[in-house]
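In: Return atomic coordinates for the entry below.
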Amino acid sequence: MKVAVYDSLRAAPGKFLHIDDLPRPQLESNHLLLKVIACGVCRTDLHIVEGDLPPIQPQLIPGHQIVGEIVEGATPDLPQGTRVGVSWMGGVDGACWYCRHSMENLCDKPSFTGYTINGGYAEYALARADFVYPLPAGLDDLHTAPLLCAGIIGFRSLRVAGVQNGERVGLFGFGSSASLAIAVLQSWQCEVYVATRGESHRQRAVSLGATWVGKEDDRPPVQLDRAITFAPSGKVVVNALSSLRKAGVVAINAIHLDAMPAFDYDSLLWGERQIRSVANMTRQDARDFLQLAHDLGIRPRVTAFPLEEANQALLAVKQETADGSIVILP
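Out: Residues are numbered from 1 along each chain as shown. Below is the predicted model:
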């Protein structure tokens, strides 16, 4: 099969991956072999290939927003030919304290698709059968791929922030994840305030009906009940915190931050304001969001790249040049 491989010893700026031919994965117990139809490109993929996240495997096939078709390992519940999605959480141990207390997203021994195990920048991928999600017929392949991480983790961020119907919610940064979260917030009758650095992202937020849109350092004209930060920047977290009412919550939707600057406790955090990190997602988050995306008719704007242009796809994420979410088609 054709694959795009990350090798930490060979990677260079702009040339993160090399295209290769490798044997198909061998079927393992309790796993499914999938023919990859589409794989979304996530900023976490960029953190991996740029070394922001430490390399775990000497060589790795990235990609954790996989839409695939079952070709081997079918079961009565997941027959051959079933179209399924795969996300960032590739498996958990099921035995640690967190798994036993319904917090599998914090598992002590997790598997991460496209990071600790091979992912979907390939023609075929292996996935644990209990970590795939049958996809509703109304969600097409191309537009479903970005939902499988950007959408799910954005949805979890709203849950971590404790968003309630009708609240004022700030989105700081407006890439793929935030552009999917706004539809959920609007279905909850929330006012949505967007601050982001890119002009194209600001235009996109306006087109999606944000209540207010400003530049990265602009402060919303009202105090916010909740805020979610999507940019991998500690400065943005402080900007969000400065926009909160007392008892408000900032949820940080980032697996990596550049740095967390010092800030004034008395004026920014006192008053029972909270900062919470968003760590991974649960299978229930995935099921709930995919059903909601189907019900709301969420369809992200997508730019597609062939597998051979995986490096260009990653650069488009880095440089924020693509129109909408980015998807690789093997």
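
In: can you pull the contacts of Met250?
Out: For the record, residue 250 is Val, not Met. Shown in contact with Val250 (CB atoms under 8 Å, 6 or more residues apart in numbering): 161, 226-229, 237, 240-241, 244, 273-276. Any C-beta I mention is one placed from the backbone N, CA and C, and that applies to glycine too.

In: what about 7 Å?
Out: 227, 229, 237, 240-241, 244, 275 (CB atoms under 7 Å, 6 or more residues apart in numbering).

In: Arg43 now?
Out: Contacts of Arg43 (CB under 7 Å, 6+ apart): 175, 317.

In: Roughly how far does Gln291 sit from Glu72?
Out: Gln291 sits 27 Å away from Glu72, going by CB to CB, to the nearest Å.

In: of those two, who's got more company?
Out: Relative neighbour count places Glu72 above the other of Gln291 and Glu72, with 16 against 13, counting by other CB atoms under 10 Å.

In: which stretches of the stretch 201-330 of the chain form strands?
Out: Remark: strands assigned in the stretch 201-330 of the chain by DSSP state E, counting those that start in this stretch are 212-214, 224-229, 244-252, 274-277, 302-306, 325-329.

In: Which secondary structure elements does the first one sit against?
Out: So that's strand 212-214. The contact analysis (3 or more CB pairs under 7 Å, 6 or more residues apart in numbering; DSSP states H and E) places strand 212-214 against strand 191-195, helix 199-207.

In: and stretch 300-308, which residues are buried?
Out: By neighbour count with 16 or more other CB atoms under 10 Å, stretch 300-308 contains the buried residues 300, 302, 305, 307.

In: quick one: the first one and Ser325 touch, right?
Out: Okay, so that is Pro300. Yes - with contact defined as CB atoms under 7 Å, Pro300 reaches Ser325; the gap is 4.7 Å.

In: Quick one: residues contacting Glu171.
Out: Rather than Glu, residue 171 is Leu. Per CB under 7 Å, 6+ apart, neighbours of Leu171: 178, 181-182, 192, 194, 228, 230.

In: for Ile61, that is, sorry about that
Out: 3-5, 114, 118-119, 121-122.

In: Ok, Val184 next?
Out: Counting by CB under 7 Å, 6+ apart, Val184 touches 155, 158, 292.

In: Swap in 10 Å and give it another go.
Out: 151, 154-155, 158, 163, 190, 289, 292-293, 296, 298 (CB atoms under 10 Å, 6 or more residues apart in numbering).

In: Pick the most deeply packed of the helices and strands packed on strand 212-214.
Out: With neighbours defined as mean count of other CB atoms under 10 Å, these peak in mean count at strand 191-195, which reaches a mean of 24.

In: Just checking: what are the partner strands of it?
Out: According to DSSP bridges, strand 191-195 has the following sheet partners: strand 168-172 (parallel), strand 212-214 (parallel).

In: roughly how far is that strand from the heart of the chain?
Out: 20 Å (CA atoms, centre = their mean, to the nearest Å).

In: quick check: angle from it to strand 224-229?
Out: 40 degrees (axes from the mean of the first three to the mean of the last three CA atoms, to 10 degrees).

In: before we move on, the earlier item: hey, which of the strands paired with strand 191-195 is tucked in deepest?
Out: strand 168-172 comes out most buried of the strands paired with strand 191-195 by mean count of other CB under 10 Å, with a mean of 27.
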